[in-house]
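Colleague: Coordinates for the following, if possible.
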Amino acid sequence: MAWYNRTTFPGEKQQETLFGPHQYSLFAAQKMNAYEEKQNARKARYERRSEAAREQAVTESNEASSMLNVITDCQPIHVGHHSERGHRSLIKRSGVKMRKSIAYDEKADYYANKAEAVGNGGISSDDPHAIEKLEKKLEAAEAKQERMKAANKIIRKNQEDKDSLMALGFSEKESEELIHPPRWMPSVGFPSYALTNNLSKIKQTKARLKVLKRLAQAETVEIVKNGYTLRHDTEENRVMFILDGKPSNEIRTILKKYAFKWSPRRGAWVRQATANGIFAARCARKALDALEG
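Modeller: I've put the predicted structure just below:
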């Protein structure tokens, strides 16, 4: 019974992820934009790390097994014999190798899961099509809200009116589940929390759209001060501090405090140009200027 958690309704298309198997042909036919290239490189990087860790796990496991080949099967440790020390040491070293193999195998799973998650974490503000995707997401959420409200209205009027529910696009099975829910459901139709949660999603999407549209209208701005340049790069969707030289411990502490990270590629301390990021840049700028005073 998952009808109250549906993200799509009959006739709606499921949103495609960035790296679904059905999209590799699309990548081949069209040139990827900068965001897609970055995501693709990130996925490939995680896959390489997973593969390297998996290979190391096999190597450590094989070495652990080969170390014990010199010991006859079921040969006990001869306590007090001159071979006791070497026998115990060999078992210990083999155990260390095997534990390393397990650790590398877990590391490989970790990076494999991260590679699998790339492109499935929602709509990134770095995506050049973020506004378009969010507008579609908002449209779908609003349609879902209206359909849930319409279904509840039909059920309140006539609980057995399955035909009207199917006319809204619900399947026969879904309509039956709405009319005759299991005993643990509080009532027929869509529960109030389903409407509340979806309405919250609508409000959050609208708020994010408002911010992204305002940022999309902004232009790249640079503020040059004594010792640093503060740049809001709208093309990269980053706000960054470019320092004149190697920063002091005080400067690094300030930048780290406001979640700026060093980017060797850009030669700057960077964070995403979200509303919080821009506010953090202002705070960091005031703190840096205070050092001069």
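
Colleague: Report the spatially closest residue to residue 291, excluding sequence-adjacent ones.
Modeller: residue 250 (6.1 Å; Cβ to Cβ, 6 or more residues apart in numbering). Where you see a C-beta, it was placed from the backbone N, CA and C, and this is true even at glycine.

Colleague: ugh, wrong one, I meant residue 261
Modeller: In this structure, residue 261 finds its nearest non-sequential neighbour in residue 270, 6.2 Å apart by Cβ to Cβ, 6+ apart.

Colleague: Confirm residue 240 sits in a strand?
Modeller: Yes: Residue 240 sits within a strand when classified using DSSP: H, G, I helix; E, B strand; the rest coil.

Colleague: Make 788 the first number, not 1, from now on.
Modeller: Yep, numbering from 788; the last one is residue 1027 now.

Colleague: right, and it touches residue 1052 too?
Modeller: No: using Cβ atoms under 8 Å as the test, residue 1027 is too far from residue 1052 to be in contact (11.2 Å).

Colleague: Between those two, which has more neighbouring residues?
Modeller: Taking other Cβ atoms under 10 Å, residue 1027 and residue 1052 do not tie; residue 1027 has more neighbours (24 against 6).

Colleague: contacting residues for that one?
Modeller: The contact partners of residue 1027, by Cβ atoms under 8 Å, 6 or more residues apart in numbering, come to 1017-1018, 1020, 1047, 1050, 1053, 1055-1058.

Colleague: Same check on residue 932?
Modeller: If you count contacts by Cβ under 8 Å, 6+ apart, residue 932 has them with 982, 985-986, 989.

Colleague: ok, of those residues, which one's closest to residue 972?
Modeller: The closest of the contacts of residue 932 to residue 972 turns out to be residue 982 (Cβ to Cβ; 14.5 Å).

Colleague: How about that closest one, nearest residue that isn't a chain neighbour?
Modeller: residue 935 (5.8 Å).

Colleague: buried sites along the host helix or strand of that neighbour?
Modeller: Assigned by DSSP states H and E, residue 935 belongs to helix 917-944. Neighbour counts over helix 917-944 (16 or more other Cβ atoms under 10 Å) mark 917-918, 921, 924-925, 927-929, 931-932, 934-935, 938-939, 941-942 as buried.

Colleague: Would it be right to say that residue 837 lies in a strand?
Modeller: No: read with three-state DSSP, residue 837 is helix and lies in no strand.

Colleague: ok, it - how many residues close by?
Modeller: Residues near residue 837, counting by other Cβ under 10 Å, number 20.

Colleague: what about the nearest residue in space to it that is not next to it in sequence, which helix or strand?
Modeller: Counting by Cβ to Cβ, 6+ apart, residue 837 lies nearest to residue 898, which is 3.8 Å off, once chain neighbours are set aside. Assigned by DSSP H and E, residue 898 belongs to helix 871-904.

Colleague: what's the model's confidence in that helix, averaged?
Modeller: Per-region confidence: helix 871-904 scores 88 on mean pLDDT.

Colleague: Now do the helices in the chain.
Modeller: Ranges of helices in the chain, per DSSP state H, are 811-816, 821-854, 871-904, 917-944, 949-954, 959-966, 979-1003, 1036-1044, 1062-1079.

Colleague: Alright, that wraps it up for me.
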